[in-house]
Structure formats: C-alpha cells, structure tokens
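Trainee: next input, structure requested:
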Amino acid sequence: MEEEARFWERVRDSDVQCGLCAHRCVIKEGQRGICRVRVNREGRLYTEAYGAVASLAVDPIEKKPLYHFHPGSLAFSISTASCNFRCLHCQNYSLSACGLEDVPYRYMGVRSLLDKAEENRCDGIAYTYNEPTIWYEYTYDCSKKAHDEGLYNVYVTNGYITEEPLREIAPYMDAMNIDIKGNDSFYRKVCKARLEPVLDTCRLARSLGIHTELTYLVIPGYNDDDASVDGFCRFVAEELDNQTPVHFTRFFPYHRMTGVPSTPYQTLLKAYTIAKARKLEFAYIGNVMDREHNNTFCPQCNSLLIERSTFSVRLTGLDGKRCATCGRKIPIVL
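Mentor: As a prediction, this is how the structure comes out:
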C-alpha cells in the first residue's frame, strides 16, 4: 500500500531528499532510494512498503537476540522486503536483497497486525528479519497503537536511522538490538555504508531510555581480528555502559560470501575474552551450542541468574531486578 512518506524535502526541481536514514538519498522523479521502497512521484516522496508484510512468525524474544528484555516472552515478528544496506554476507538475503516485487507479501493494517499478535498470545511486536527503518511509517503507527494495548515494541536494526525519526518513535520503542558489524573500512567495503551513523544511533538510543543490546557477527578474515573486536568492546565500555549486553554470533556462509567458512568456536571465545578484558559484564556467544556463554551470571558474586537452553529460559537467581544472592542490581527489563 502506497502512502506519502515522512522525513523528506524537495531539493531542486522535482528531486527530493530522504532524511529517514543516514544515506540521505537524493531521489529523482520516478526513482527509488537505496532502500528500494521509497519512491519519488511528481516531486513527492512515497513509501510503497506501508503494511506490506513479507514474513511473520512467533519467536522467543531471545532469538532477536535480546537476553535482558522480558526473558521468556514471545514476540510477534514481522518484516517487509529490502534493506538500506548491501551486505555481502546478509544472513536474511532472501528478504533483504530484493524488492517487494520479488517476494510474496500481503497487506496487514495496524488493527489486523495487533489482533494477530494477540491471537498468538504474544507479549509484543518485533520489527525484524529485514531493516525495519525502511518501513518507518508503518512501524511507527503499529508501535504507537501496540503501546496503547500493552504490547512492547522491538527494533532489530542496522542502526542507520537518523536522529529525528528515532526521537519520534522512542516513546513507543521499548528495545533495540543494533548490529555493529565491524570497523569503518568493513562497513564501506562489505555493507556500502559507514560506521559512525550506527554508533550515533547506539548513543542516542541509550540516552532516550531505549533498552539496547548489541550484536557483533564475527566473520573469519573480515572482522575477527583482535583490533576490530577490541574497538567494538572499547566503544561499548567507554561510550555506552559496561553493563550493555553484547552478543558475539557465529557467521554462516550465505549470499555473496559462500566461500567464507563458518566462524570457529575458538574465534567466538576469543571475542568473548576480549570483551571480558574490557570489563563488559554481560557478553554472550550465539549461534552455537554453548549453554555456559548464553547464561546470565551476577557480575558481583557469579551466581547463576538466568539459565538458557536453546530458547528455553529459567529465571533461577533473580529477586525482581536484583541478584537473589548478593543483592546486586541487574540491568534487565521484566
């Protein structure tokens, strides 16, 4: 369903500039931005993705991954098609590396979406699988209405949203998992983007009170060197908070990186060790069978707080938001 977009301006003649993401595309008449779903029609910008749902599922919130946000809850996960990045390694390329014309989708109005979430006994909505920023108008309307009905909202995002739309959606956006993919050189070569706007989003999301967790997909030969991983950990420790949950996840050879091997477990363990050396208190290893490094322990007394096995969760050592053993306050949303 096509609707007029938000966050744009006319820059000359019939050209428009989109201000939704950090690409800030200048789009000529009849053309689309890098996201493939925002189009210039007679000097006005429209979104073609409003309500165009290409995938939906009921997921445990841990799959996002979000480990410190309503553990054990269910999220109604939805996506549209396309993306504003061009990642060579995309793990969801069947949705992200194409346009709406290339995938089956159906229109779901806001009311229909919320009814479906409630029918499936979900606790919230997760805008995920592809980049949720590119269908901002729909996610904003859904988030606002979901909050009215007691549902939480989650963005699983590459973090390329600009300041104004993030500030606008923040009162209704309860949590974000933001990918930080590597250093700036990695972003430019592999994703056709830049690192700094992503870091800006991390800083702003935290300052706006949005629960934030970060994911670093470790790719052999690309971003697995000690300097890149330590740069990521240093940013978290020095500019966010050493209690920010971080997830080091295993790469699998997809899309245009089928010749790159899956991440060895020892490489993930090394990233975890670097995080601990930077005093990050809640580091996790994902996409591997490793229960020890998926459990949550108290940073003060090392008591087991949350036990995870695949996506099953047991809250074993919490007294509200504190460690039941020593009383240490734990950064968690329950």
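Trainee: Arg38 contacts Thr47, doesn't it?
Mentor: Yes. In this structure Arg38 lies within contact range of Thr47 using C-beta atoms under 8 Å: 5.5 Å. No exception for glycine: its C-beta is placed from N, CA and C like everyone else's.
Trainee: more neighbours: which of these two?
Mentor: Arg38 (29 against 25; other C-beta atoms under 10 Å).
Trainee: tell me who's in contact with that one.
Mentor: Ala5, Cys18, Leu20, Cys25, Ile27, Arg32, Leu45, Tyr46, Thr47, Glu48, Ile134 (C-beta atoms under 8 Å, 6 or more residues apart in numbering).
Trainee: ramachandran angles for it?
Mentor: Backbone torsions for Arg38, taken as degrees, to the nearest 10, come to phi -120, psi 120.
Trainee: cool, Lys270 as well?
Mentor: Torsion angles, degrees, to the nearest 10, at Lys270: phi -70, psi -40.
Trainee: rewinding a little: overlap of the contact sets of Arg38 and Thr47?
Mentor: Ala5.
Trainee: so Glu238: helix, strand or coil?
Mentor: Recorded secondary structure, Glu238: helix (DSSP: H, G, I helix; E, B strand; the rest coil).
Trainee: burial measure for it, as a count.
Mentor: Considering only other C-beta under 10 Å, Glu238 is surrounded by 10 other residues.
Trainee: for Lys181, see how far away it is.
Mentor: Here the criterion is C-beta to C-beta, to the nearest Å. By it, Glu238 lies 19 Å from Lys181.
Trainee: ditto for Leu240
Mentor: Counting by C-beta to C-beta, the gap from Leu240 to Lys181 is 16 Å.
Trainee: more neighbours, these two?
Mentor: Using other C-beta under 10 Å as the criterion, Leu240 and Lys181 rank with Lys181 on top: 24 against 19.
Trainee: what helix or strand does the residue nearest the centre of the chain sit in?
Mentor: Note on the chain: the residue nearest the mean C-alpha position is Val156, at 2.2 Å, using C-alpha atoms, centre = their mean. Using DSSP states H and E, Val156 sits within strand 152-157.
Trainee: which positions within the helix or strand following that strand qualify as buried?
Mentor: Next helix or strand after strand 152-157 toward the C-terminus (DSSP H and E): helix 163-169. Buried positions in helix 163-169, judged by neighbour count with 16 or more other C-beta atoms under 10 Å: Pro165, Leu166, Ile169.
Trainee: what's helix 163-169 packed up against?
Mentor: With contacts taken as 3 or more C-beta pairs under 8 Å, 6 or more residues apart in numbering; DSSP states H and E, helix 163-169 sits against helix 136-148, helix 196-207.
Trainee: distance of Ile125 relative to Val288?
Mentor: From Ile125 to Val288 the distance is 28 Å (C-beta to C-beta).
Trainee: before we move on, what about Ser143?
Mentor: In terms of C-beta to C-beta, Ser143 sits 32 Å off from Val288.
Trainee: quick one, which of these two is more surrounded?
Mentor: Each of Ser143 and Val288 has its neighbours counted (other C-beta under 10 Å); Ser143 has more, 26 against 16.
Trainee: still on that earlier bit, pull out the buried residues from the contacts of Arg38.
Mentor: Buried among those by 16+ other C-beta under 10 Å: Ala5, Cys18, Leu20, Cys25, Ile27, Arg32, Leu45, Tyr46, Thr47, Glu48, Ile134.
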